[in-house]
Every structure is written in C-alpha cells, then in structure tokens.
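Enquirer: no sequence on this one, just coordinates:
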C-alpha cells in the first residue's frame, strides 16, 4: 500500500490553465454538455408552462413531475450504479452514456411533436403522452448520469497526479458556475426566438460533442483490470459499503456533507420568500440575486484550487463549512437587498472551496477499484438530504403565518429568517465536526 502525502506536502503543480490536453478535452466537453443541460431544463419548463399546461391549474404539478423524474435516479439508480462503473472501462462508460443521452433527447423531440419526423409530418400527441414522454426521458437521462458522474470522477484521478486534482476540481466547478449563469438566459432567448426544437437539438449536440471529446482523451496509465467479485453484484456492493463505513475520512465527509445539506437546502426553497418578506425587495430582483450567487461561485471556483493547495484539502473543507455557517447566519439577519447580495456573493467562495476539495480528498483515500461505489454512496446521500431539507423547510414555512414575528435578543424574528438561522447553525455544526475528525492522519488509504 502506497503512503499518502500530508495535504501541505505537495509536489510542484503544472501552470497550464487546463493542466493537460486530456483534462482540457474533458473540461471542454463537460462545459458544453452542461450548458446544453441548463438550456434544456429551461426549455422544458417554458414549454410546459406556455404549451402543454398553458392556463391549466395543474401546471405547477406538471413541473413538479419533471423535477421528481430528474431526481429519482439519484435515489433509485445511484446507489447501485457504482458497482458497474467499477467493473467497466470508465472512458467507454462515459461515451456510452453520452451516446444514450443524445439518442434520448432526439427521441423526445419526435415523441412530443416538437420536431417533425421526416416524410411523416408533424406529430400531435395528447397532453398525457407529451408529459409522459418528458417524464420518461428525464428519468432515463438522469439514470445515465448516475453512471457517467462516478466514471468521470474516477477518470479525473487517472488523468493527472494528485497535486493537480484541487485545481482540476476547481476548474470543473467554475465551468458549472458559468453554465448556471448563462444557461437559463440562453435557453429563454432560444425558446422565445426559434422555439423548443432548436433548444432540444442543441442539448443533443452538446452530448455528441462531449462524446467526441471523451473519445479523444488519452489515459496516460493503462486502466487497471476490473474483474467481477466472486460473490457477484451484491457481494461487490457490500464490499464498497464496508470499505466506506470503515474509512474515517469518508464517513466524516458523509456526515458533515449531509448535515450541511440539511441546512443549505432551505436556501433553495425559501430564498424567494426571504427576498420579499425580509429584504423587502421586488420579485424582479430574484434573478439578480441568483446571478450574484453564481458570480461568487465562479470566482470562488477559479481560486479554490490555489486555496486548497495552500491550506490542504482537509483544512479547506472544515474552514469552508465554518465560513458558510457564519455567512448564512449573517444573511438571515439582513433586511436590505444590497448587503444581502454582497453576503451571497462572498458565500460563493467557501461553497466553491468546499466543493472543489471534496473530490481530491475522496480520490486520495479511495482505492481505484472502489471509486465508483464510493461516489455512488455520497451522491444519493446528499441528494436525499437536500430533498428532505427542501421538504421540511417548505412545510414549516407554509405552516406558519407569513406575518408571524417575535422579538428575541433585541432582534425581530420571522418564520423564514429563523429557518435560515437554524440552517447556518447546522453548517457550523458540520464544520466543527469535520474539524475534529479530519486531520493529516485520517488521510491514509484503507485497505478494501
């Protein structure tokens, strides 16, 4: 078993912006497919609201169905996908999933009548058929992502030395922030300018571009042979779970990330109500608040790799969680838009730093043969935590009167800002827990 260097003892890092050719190809392909995804999601939302469910009272329920169909694979497929990812060649797995997603988006365009079939003219499906097609394709493309994402995390470790991983992870986060900033506006402009068909075509082409980029990647070290465990699928699944449960670093990351997600999920659900009730700002500024958050995430992602290399990934994670807790609690007490926007911008820095440090640390402590199964534990757990947080915070806020206020410690407290303060405390708890358990000695690899 090869020893692992302490986080502060790192070798010299390459200074190229995208590190090496293979990572540049991977990064470019993922940036383009991510942009296609954001435009696709926006197109679906607008198409349902302005077309399929236009003027219908059940339109919000129809939108909820799309979100549920996209989220279900995280919980139903994600926990099991890692076994197959660890058996298969990662590069080929990613190419297969991109090919399937390209075909599914094209199929959706035909099934819903958005794009006419050659020689057959336009299809005019019923509302039930159109919505059912959307739900089915969202479910299947989400299932493909459950195989693609762990394979991508694993191949990241194959493409570069450990010292470059924080920067690579930060650049990946930066690409995601850019797509978050420009994807929805781009999708909106395309939809209202030329319709839903070109937007779906763009998303299908984005997966095709990703396929071409991955095909051009050269893995510098031959992939290790991954054979099936003699105990079969369930034996391999249990092997991964036992390794995860026996690794101090992984269990610490899981607990800290779940607790943090239970707090942070409230922001996604209630921020629009916080804007109007607490910041006393008009709804038209909601998009501006999201843009400010995206800008902070983008700048933070660009700096995250440097920060992680200087502080070490363990220290970056727990310091980032503590900073998130403090900033979130501060945000909950604000009553004006401008300072709230400033805090949201700064909040993007620790969020980006934590997200960019998680992948390098997980890869550092996980044997190559178990990478897929380890990420298939983390992903679904975090998704479930966020869904629970969104459901609970939404239920509590809906159960209390909108004008409910009380005074305590010389401050005025309402339903939403109190929930946000509690979310900040959860983030602080996760940071303290990570600080107590993550240290240099915990970064040694465990034997599977």
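Expert: Nice, thanks for sending it over. Nothing here was measured: the structure is a model prediction, and the numbers come from that model.

Enquirer: can we go C-alpha only for contacts and neighbour counts from here?
Expert: Noted.

Enquirer: Can you verify my assumption that residue 148 contacts residue 93?
Expert: Yes. Judged on CA atoms under 8 Å, residue 148 makes contact with residue 93 at a distance of 6.8 Å.

Enquirer: ok, these two, which is more surrounded?
Expert: Legend: neighbour count by other CA atoms under 10 Å for residue 148 and residue 93, higher for residue 148 (24 against 20).

Enquirer: wait, is that one part of a strand?
Expert: No. Read with DSSP: H, G, I helix; E, B strand; the rest coil, residue 148 is helix and lies in no strand.

Enquirer: Not counting its neighbours along the chain, what's nearest it?
Expert: Excluding its sequence neighbours, the residue lying closest to residue 148 (CA to CA, 6 or more residues apart in numbering) is residue 94, at 5.1 Å.

Enquirer: so the one you found sits right up against residue 152, yeah?
Expert: Yes. With contacts counted by CA under 8 Å, residue 94 reaches residue 152, the gap being 7.1 Å.

Enquirer: give the contact list for residue 32.
Expert: By CA atoms under 8 Å, 6 or more residues apart in numbering, the contact list for residue 32 reads 206, 207, 209, 210.

Enquirer: Just the closest of these to residue 139, please.
Expert: Among the contacts of residue 32, residue 207 lies closest to residue 139 (CA to CA), at 16.6 Å.

Enquirer: The closest one - how many residues pack around it?
Expert: By the criterion of other CA under 10 Å, residue 207 has 27 neighbours.

Enquirer: likewise residue 192?
Expert: Residue 192 has 12 neighbouring residues, counting by other CA under 10 Å.

Enquirer: Do you know the pLDDT at it?
Expert: We have a pLDDT of 83 for residue 192.

Enquirer: A strand includes it, no?
Expert: No. Assigned with three-state DSSP, residue 192 falls outside any strand and is helix.

Enquirer: OK, contacts around it?
Expert: By CA under 8 Å, 6+ apart, the contact set of residue 192 is empty.

Enquirer: Against residue 350, how distant is it?
Expert: From residue 192 across to residue 350, the span is 36 Å (CA to CA, to the nearest Å).

Enquirer: and what of residue 413?
Expert: Taking CA to CA as the measure, residue 413 falls 26 Å from residue 350.

Enquirer: Residues contacting the helix or strand hosting residue 318, please?
Expert: Under the criterion of DSSP states H and E, residue 318 resides in helix 313-332. Helix 313-332 has contacts (CA under 8 Å, 6+ apart) with 7, 166, 260, 307-308, 340, 343-344, 347, 350-351, 353-354, 357-358, 360-361, 417-418, 420-428, 430-432, 434-435, 438-440.

Enquirer: More neighbours: residue 413 and residue 350, which one.
Expert: More neighbours surround residue 350 than the other of residue 413 and residue 350, with 26 against 19 (other CA under 10 Å).

Enquirer: which one is that one nearest to, not counting chain neighbours?
Expert: Distances taken as CA to CA, 6+ apart put residue 320 closest to residue 350, at 4.6 Å, once the chain neighbours are dropped.

Enquirer: Report the buried residues of stretch 393-400.
Expert: 393, 394, 397 (16 or more other CA atoms under 10 Å).

Enquirer: Surely the first one and residue 417 touch.
Expert: So the one you mean is residue 393. No. In this structure residue 393 lies outside contact range of residue 417 using CA under 8 Å: 11.3 Å.

Enquirer: What are the buried residues along stretch 377-394?
Expert: Neighbour-count burial for stretch 377-394, counted by 16+ other CA under 10 Å, picks out 377-390, 392-394.

Enquirer: Residue 333: neighbour count?
Expert: If you count neighbours by other CA under 10 Å, residue 333 ends up with 18.

Enquirer: Could I get the phi/psi values of it?
Expert: Residue 333 adopts backbone torsions of phi -100, psi 0, taken as degrees, to the nearest 10.

Enquirer: Same question for the one 5 residues further on.
Expert: According to degrees, to the nearest 10, the main-chain angles of residue 338 amount to phi -60, psi -50.

Enquirer: again with residue 135
Expert: Backbone geometry at residue 135, expressed as degrees, to the nearest 10, gives phi -60, psi -40.

Enquirer: do residue 336 as well
Expert: Torsion angles at residue 336 (phi, psi; degrees, to the nearest 10) stand at phi -140, psi 150.

Enquirer: tell me the contacts of residue 397?
Expert: Neighbour list for residue 397: 415, 416 [criterion: CA under 8 Å, 6+ apart].

Enquirer: try residue 389
Expert: By CA under 8 Å, 6+ apart, residue 389 lies in contact with 261, 262, 263, 264, 265, 266.

Enquirer: Any idea how far the strand or helix carrying it is from the middle of the chain?
Expert: Secondary structure assignment for residue 389, by DSSP H and E: helix 371-399. Averaging C-alpha positions (CA atoms, centre = their mean, to the nearest Å) puts helix 371-399 12 Å from its chain's average.
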